[in-house]
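Trainee: Quick check, what structure comes out for this input:
(one chain, ligands or ions: 3)
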Amino acid sequence: IPNKKILLLPGDGIGPEVMAEAQRVIDWLTRAGRVRFEIAEDLVGGASIDAHGRPITDAVIARALEADAVLFGAVGGPQWDAQGFDNRPEIAILELRKRLGLFANLRPAPVFDALIDASPLKPEIVRGLDIMIVREAIGGIYFGEPRGIETLPDGGRRGVNTEVYTTGEIERVARVAFELARKRSGRVTSVEKANVMESGLLWRQTVTALGAAEYPDIHLSHMYADNCAMQLAKNPRQFDVIVTGNLFGDILSDLASMLTGSLGMLPSATLGAADGEGRRHALYEPIHGSAPDIAGKGLANPLAQILSFAMLLRYSFDMQEDAALVERAVSAVLSSGMRTADILQAGTAKIGTRTMGDAVLRELDKLGG
Ligand code: NAD
Ligand code: IPM
Ligand code: MN
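Mentor: Ligands and ions are numbered 1, 2, ... in the order given. Okay, here's the model as predicted:
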């Protein structure tokens with residue numbers, strides 16, 4: 001049995017609540033004798049600020065670098081608003097992505113059949129929907145220089161952020177999108193604002209050239225980000241793989257989550273480049289945040305966190321069967337009518353985080369016990 005090292009970083013707010021349910025799924029697989037996991041856990045975000053004065057410590061970065069995979073919860077909350085901007089909880093996730101070189105953030109948005117009428121869109125618009133957003137995660141306006149807030153001679157102030165992309169950064173994330181498309185329906189939509197931004201123009205030119213040179217079998221199209229937001233609501237099934245920059249990817253994936261019924265459903269994988277032996281750093285996290293409005297109440301939907309663990313099995317450990325097993329268990333739970341309160345669906349009883357976790361374990365017992 002392979003021995004795999006997973007670092008759990010639950011974070012703040014609902015992070016620890018949903019992580020606890022993912023951990024029960026990890027324990028279930030271990031009990032089933034399918035794999036031996038070596039689990040470690042550490043602090044990030046506000047929890048790390050409280051303990052160490054910093055949103056993430058070098059020791060945690062070192063543990064993340066050493067782990068086979070990182071499972072991350074969520075960070076942030078109003079109790080840390082008074083922190084200086086350079087010490088806010090959100091730095092933990094940004095720094096992990098950066099220090100581990102995790103440039104490709106995969107955000108799948110599949111619609112579960114049982115949730116078709118949970119979407120605010122009409123059933124015929126979302127039925128069978130399965131979008132994969134590939135978001136660049138360590139470049140663009142999130143990291144570009146110059147940045148900062150400065151005082152002007154007239155006493156006013158100026159806030160500065162800079163959108164920057166190099167051809168190398170664009171090519172490596174586009175390659176991930178093209179490769180994924182090859183295993184899916186063979187379509188990539190590249191999203192930017194080449195009509196307004198030079199970085200967007202370079203993005204379009206670079207993706208076009210790469211597609212022509214290395215992926216002639218993939219159908220590549222281009223779309224402006226504003227139109228893409230509209231098209232996601234109008235006719236989301238036109239999309240298969242969407243590749244886009246850091247900020248647009250952040251926004252469009254929250255939008256895509258509502259097509260599927262709830263932000264509390266969507267997992268993600270953030271991957272680095274493979275080394276000579278095919279090993280790569282990877283971090284898995286729900287796309288939602290720490291949800292301070294419901295934290296501590298046991299109401300959070302743990303399925304995005306559990307599905308993030310399924311992605312970990314798939315992408316880091318190549319455990320396709322176990323990943324599919326976890327996903328089937330989630331699907332079965334939804335088919336049986338279980339809903340947390342974030343899923344807007346008439347006529348369904350609302351259950352809490354732990355009860356939802358119980359239901360997933362019960363389905364695992366049935367399917368794979
Ligand atoms: P959020 O994603 O935390 O919450 C948005 C809304 O969705 C809230 O109403 C929340 O209750 C609901 N929601 C989110 N996840 C849910 C779940 N699993 N189950 C049920 N309901 C859920 O976004 P926000 O309110 O804009 O941000 C809150 C904090 O989280 C901020 O500090 C923000 O910076 C941080 N954040 C962190 C991450 C991360 O750690 N990766 C991601 C996004 C936001
Ligand atoms: C996400 C979050 C983060 C981001 C924040 C918390 C830094 O919104 O993972 O989607 O903007 O990348
Ligand atoms: Mn986000």
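Trainee: what's the spacing between whatever residue of the stretch 1-150 of the chain ends up closest to ligand 1 and Gly264?
Mentor: When distances are taken as C-beta to the nearest ligand atom, the stretch 1-150 of the chain reaches nearest to ligand 1 at Gly76, 2.3 Å away. Heads up, the C-betas are built off the backbone N, CA and C, glycines and all. Distance of Gly76 to Gly264, given as C-beta to C-beta, to the nearest Å: 16 Å.
Trainee: Comparing these two, which shows the higher neighbour count?
Mentor: Remark: of Gly76 and Gly264, Gly264 carries more neighbours, 27 against 24, as counted by other C-beta atoms under 10 Å.
Trainee: Show the contacting residues for the residue nearest to the more buried one when sequence neighbours are not counted.
Mentor: Nearest in space to Gly264, with sequence neighbours left out and distances taken as C-beta to C-beta, 6 or more residues apart in numbering, is Asn301 at 3.1 Å. Residues in contact with Asn301 (C-beta atoms under 8 Å, 6 or more residues apart in numbering) are Val18, Ser262, Gly264, Met265, Thr340, Asp342, Ile343, Thr353, Met356.
Trainee: Same list (those residues) but as JSON lines, adding secondary structure, pLDDT and distance to Ala59.
Mentor: JSON lines is the format used below for the contacts of Asn301 (DSSP: H, G, I helix; E, B strand; the rest coil; pLDDT from 0 to 100; distance: C-beta to C-beta, whole Å):
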{"residue": "Val18", "secondary structure": "helix", "pLDDT": "98", "distance to Ala59": "24"}
{"residue": "Ser262", "secondary structure": "coil", "pLDDT": "89", "distance to Ala59": "35"}
{"residue": "Gly264", "secondary structure": "helix", "pLDDT": "93", "distance to Ala59": "31"}
{"residue": "Met265", "secondary structure": "helix", "pLDDT": "93", "distance to Ala59": "33"}
{"residue": "Thr340", "secondary structure": "strand", "pLDDT": "96", "distance to Ala59": "34"}
{"residue": "Asp342", "secondary structure": "coil", "pLDDT": "93", "distance to Ala59": "34"}
{"residue": "Ile343", "secondary structure": "coil", "pLDDT": "91", "distance to Ala59": "38"}
{"residue": "Thr353", "secondary structure": "helix", "pLDDT": "98", "distance to Ala59": "29"}
{"residue": "Met356", "secondary structure": "helix", "pLDDT": "97", "distance to Ala59": "33"}
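Trainee: if we look at ligand 1, which of those are close to it?
Mentor: Applying C-beta under 6 Å from any ligand atom, the subset of those adjacent to ligand 1 comprises Val18, Gly264, Thr340, Asp342.
Trainee: is stretch 158-170 anywhere near ligand 2?
Mentor: No. For stretch 158-170, no contact with ligand 2 is found by C-beta under 6 Å from any ligand atom; the gap never falls below 12.7 Å.
Trainee: Same question for stretch 245-264.
Mentor: Yes. Legend: contact between stretch 245-264 and ligand 2 by C-beta under 6 Å from any ligand atom is shown at Asp250.
Trainee: What residue in the stretch 101-250 of the chain comes nearest to ligand 1?
Mentor: Distances from the stretch 101-250 of the chain to ligand 1, computed as C-beta to the nearest ligand atom, single out Asp250 as the nearest residue at 8.4 Å.
Trainee: ok, back up a step: so which of the ones next to ligand 1 among the contacts of Asn301 wins on neighbours?
Mentor: The most crowded member of the ones next to ligand 1 among the contacts of Asn301 is Val18, carrying 30 neighbours; neighbours defined as other C-beta under 10 Å.
Trainee: how near is that one to Gly298?
Mentor: In this view, Val18 and Gly298 are 11 Å apart by C-beta to C-beta.
Trainee: where do the contact lists of these two overlap?
Mentor: Shared contacts of Val18 and Gly298, defined by C-beta under 8 Å, 6+ apart, comprise Thr353.
Trainee: mind checking how far the residue of the stretch 101-250 of the chain closest to ligand 1 is from Arg107?
Mentor: Distance of Asp250 to Arg107, computed by C-beta to C-beta: 9 Å.
Trainee: got the contact list for the helix or strand that contains Ile149?
Mentor: In this structure, Ile149 sits in strand 148-151 according to DSSP states H and E. Strand 148-151 is touched from outside by Arg157, Arg158, Gly159, Val160, with contacts defined as C-beta under 8 Å, 6+ apart.
Trainee: Just list whatever residues bridge to the last one.
Mentor: Applying DSSP bridges to Val160 gives these bridge partners: Gly148.
Trainee: what's the burial count for it?
Mentor: Around Val160 there are 11 other residues, counting by other C-beta under 10 Å.
Trainee: Return the residues in contact with it.
Mentor: Taking C-beta under 8 Å, 6+ apart as the definition of contact, the neighbours of Val160 are Pro146, Arg147, Gly148, Ile149, Glu150.
Trainee: try 7 Å
Mentor: Pro146, Arg147, Gly148 (C-beta atoms under 7 Å, 6 or more residues apart in numbering).
Trainee: And the second one, by the same measure?
Mentor: Contact partners of Arg158, counting by C-beta under 7 Å, 6+ apart, are Glu150, Leu152.
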